[in-house]
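Participant: return a 3D structure for these sequence lines:
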Amino acid sequence: RIHQACNVHKTLSTYYHFFRSVTYKGTRHVGERLVEGAHEGYVSPEEWDLVQRFVSRGRPSPKVRHPQRVNSPFYLSGRVVCGYCGSRLDFEQDNRAAHYTALRCAGRKRDLSSCQLSKLSYGAFMEQLLELIRKEILTEERLRAIVADVNQRLTGSGPRLAEERRRLVKEIAAARRAVDRLLDALEDGEDLSRLRDRLGQRERELAELEGQLERVTLEERLHMPVKASRELLRSTARRLKEGLDAGDPDTVRAILQGLVKRVIVWNEKARVEFMAPSALFEKSTPDFKAMLWRARGDSNPRSPA
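Facilitator: Take a look at the predicted model:
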């Protein structure tokens, strides 16, 4: 919606870097250091922090993707990394033998001596990954555990936010009383020039406090626990399994990219980091989209492949 209304950038993915830039809160990069208050910010640090809660921690996937990525059979491009050197694993296909596909460490391709990860069979990798997801992830019990983990992380800041909200409510009430007293003094005929500056200052303080309360209230809503019924858990697991079993490439790609955050691969083992599937949030809360950004950024249940 922002892109349609403003058309600030040419591509949707550019907005990620736009909203993550610390320049807008008055911070500047000096070499490896961050200098706070280097210049007057366009927004306050508190407003910048609030925006980050709506921004994905990973670059969002634009609706219009590069043709090579659209047509690639590698469903998890960019999400599979080498456990030895941290480089991504690239998909390779032999033009002379179309059935041969593999995953190869990009760091090892650049320098053979820099990494010890062997080339992996892409077919075997995907077969094991899909089997893991079907048997161990898409179950009522595991999805319930993911929801519990998400809720624990979402509600961890609840007491602090509640205390901050109560403090702001008291300060707002006191500020309003101060404004009312100044207005009464003006009506009683006291010196306008003497009271005008004080009244303006109090009104600015009141507006700032009300803005802080609005931000805290919104943050509290983002920390509300997610409610997922037993039937929702079961239906979510069933629908995702059916999508994987159907074998449609676009469907499988969407399911995997909505479940798998990252896969770290070594020669003898792998670790899969999963995200909470969006289907769990669509019917559980009216703010499921905002919840989902936080859940995907904070929740990190892991399982060995």
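Participant: just the pLDDT at the nearest residue to residue 41 once chain neighbours are set aside, thanks.
Facilitator: In this structure, residue 41 finds its nearest non-sequential neighbour in residue 26, 3.1 Å apart by CB to CB, 6 or more residues apart in numbering. Where you see a C-beta, it was placed from the backbone N, CA and C, and this is true even at glycine. pLDDT for residue 26: 81.
Participant: the residue sitting furthest away from the middle of the chain and residue 195: what is the separation?
Facilitator: If you look at how far each residue of the chain sits from its centre, by CA atoms, centre = their mean, the farthest one is residue 189, at 55.7 Å. Per CB to CB, to the nearest Å, residue 189 is found 11 Å from residue 195.
Participant: residue boundaries of the helices in the stretch 151-300 of the chain?
Facilitator: According to DSSP state H, counting those that start in this stretch, the stretch 151-300 of the chain carries its helices in the segments 158-187, 192-222, 230-246, 249-259, 288-298.
Participant: contacting residues around residue 266?
Facilitator: Residue 266 makes contact with 83, 84, 117 under the criterion CB atoms under 8 Å, 6 or more residues apart in numbering.
Participant: wait, which of the residues you listed is closest to residue 41?
Facilitator: When the contacts of residue 266 are ranked by distance to residue 41 (CB to CB), residue 83 comes first, at 39.9 Å.
Participant: for the closest one, give me its contacts.
Facilitator: Contacts were defined as CB under 8 Å, 6+ apart; by that measure residue 83 touches 117, 264, 265, 266, 270, 271.
Participant: for the fourth one, give its distance to residue 118.
Facilitator: Residue 266 sits 10 Å away from residue 118 when distances are taken as CB to CB.
Participant: looking at the chain, which helix or strand does the model trust least?
Facilitator: Evaluated with mean pLDDT, DSSP states H and E, the helix-and-strand set of the chain has its lowest mean pLDDT in strand 302-304, which scores a mean of 35.
Participant: report the buried residues of the longest strand anywhere in the chain.
Facilitator: Residue-count comparison of every strand in the chain, with assignments taken from DSSP state E, identifies strand 97-105 as the longest. Buried residues in strand 97-105, counted by 16 or more other CB atoms under 10 Å: 101, 102, 103, 104, 105.
Participant: ok, and what's touching it?
Facilitator: For strand 97-105, the surrounding residues in contact (CB under 8 Å, 6+ apart) are 73-74, 80, 82, 84-85, 87, 89-94, 115, 117, 119-123, 125, 265.
Participant: okay, residue 88: pLDDT?
Facilitator: The confidence metric pLDDT takes the value 92 at residue 88.
Participant: try the one 4 residues further on
Facilitator: As summarised for this prediction, residue 92 has a pLDDT of 88.
Participant: just the element for it, please.
Facilitator: Assignment of secondary structure by DSSP states H and E places residue 92 within strand 89-94.
Participant: for that strand, C-alpha coordinates in CSV please.
Facilitator: Presented in CSV, the C-alpha positions along strand 89-94 are these (Å, rounded to 0.1, in the frame of the first residue of the first chain):
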residue,chain,number,x,y,z
LEU,A,89,24.7,-23.5,-1.2
ASP,A,90,24.2,-23.0,-4.9
PHE,A,91,22.0,-25.2,-7.1
GLU,A,92,23.8,-26.9,-10.0
GLN,A,93,22.4,-28.8,-12.9
ASP,A,94,24.5,-30.7,-15.5
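Participant: hey, where'd the strands end up in the stretch 1-150 of the chain?
Facilitator: Along the stretch 1-150 of the chain, counting by DSSP state E, counting those that start in this stretch, strands occupy 28-30, 33-35, 80-82, 89-94, 97-105, 120-121.
Participant: still on that earlier bit, pLDDT wise, what is the residue farthest from the centre of the chain at?
Facilitator: Here the pLDDT value assigned to residue 189 is 71.
Participant: which intervals of the stretch 51-200 of the chain have sub-threshold pLDDT?
Facilitator: Where the stretch 51-200 of the chain drops to pLDDT under 70, the residues are 53-72, 94-98, 150, 153-156, 190-193.
Participant: which ones are touching the nearest residue in space to residue 213 that is not next to it in sequence?
Facilitator: Leaving aside its chain neighbours, residue 213 sits nearest to residue 168 (4.4 Å; criterion: CB to CB, 6+ apart). Residue 168 is in contact with 209, 212, 213, 216, counting by CB under 8 Å, 6+ apart.
Participant: of these, which is the most crowded?
Facilitator: The most crowded member of these, judged by other CB atoms under 10 Å, is residue 216 (22 neighbours).
Participant: hmm, it is touching residue 164, no?
Facilitator: Yes - applying CB atoms under 8 Å, one finds residue 216 in contact with residue 164, separated by 5.4 Å.
Participant: before we move on, back to that, any of the contacts of residue 83 buried? List them.
Facilitator: Buried residues within those, defined by neighbour count using 16+ other CB under 10 Å: 117, 264, 265, 270.
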